[in-house]
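Asker: coords below, sequence missing:
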């Protein structure tokens with residue numbers, strides 16, 4: 001993922017005006033903990049559907065994504081531009 005500022009610069013280069021550039025990564029970070037909590041709450045059903053290994057892999061993937069959010073490798077942003 002490129003920094004939001006780079007996306008904004010690309011849009012500016014093609015003649016657009018950037019109206020909003022907001023990093024919402026911090027606001028979306030709790031999503032990963034919520035997904036893990038859902039896994040805890042529904043572990044029996046999830047295990048039946050995708051197996052114990054599948055559940056473990058999914059939980060691990062939320063941990064990896066959370067680490068990427070924390071070190072800013074990935075994240076979410078709002079970018080609005082007009083012509």
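Answerer: Received it, and whenever you're ready, just let me know what you need. Small disclaimer: the values here were computed from a predicted structure and weren't measured.
Asker: what's the separation between the nearest residue to residue 80 once chain neighbours are set aside and residue 82?
Answerer: Residue nearest to residue 80 in three dimensions, not counting chain neighbours: residue 20, with 3.9 Å by CB to CB, 6 or more residues apart in numbering. Glycine gets a C-beta too; all of them are placed from N, C-alpha and C. Distance of residue 20 to residue 82, computed by CB to CB, to the nearest Å: 10 Å.
Asker: circling back: am I right that the residue nearest to residue 80 is in a helix?
Answerer: No - Residue 20: not assigned to a helix; according to DSSP: H, G, I helix; E, B strand; the rest coil it is strand.
Asker: can you pull out the helices in the protein?
Answerer: For the chain, applying DSSP state H gives helices covering 4-13, 25-28, 30-41, 43-70.
Asker: figure out which of these is closest to residue 77.
Answerer: Nearest to residue 77, of all the helices of the chain, is helix 4-13, at 4.5 Å by CB to CB.
Asker: so which elements touch the closest one?
Answerer: Where contact means 3 or more CB pairs under 8 Å, 6 or more residues apart in numbering; DSSP states H and E, helix 4-13 is packed against strand 17-23, strand 77-82.
Asker: now do the buried residues in the last one.
Answerer: Which is strand 77-82. Applying a neighbour-count criterion of 16 or more other CB atoms under 10 Å, one finds 77, 81 buried in strand 77-82.
Asker: may I have the beta-bridge partners of the nearest residue to residue 11 once chain neighbours are set aside?
Answerer: Distances taken as CB to CB, 6+ apart place residue 81 nearest to residue 11, at 4.6 Å, with adjacent residues excluded. When bridges are assigned using DSSP bridges, the partners listed for residue 81 are residue 18.
Asker: sweet, I'm off.
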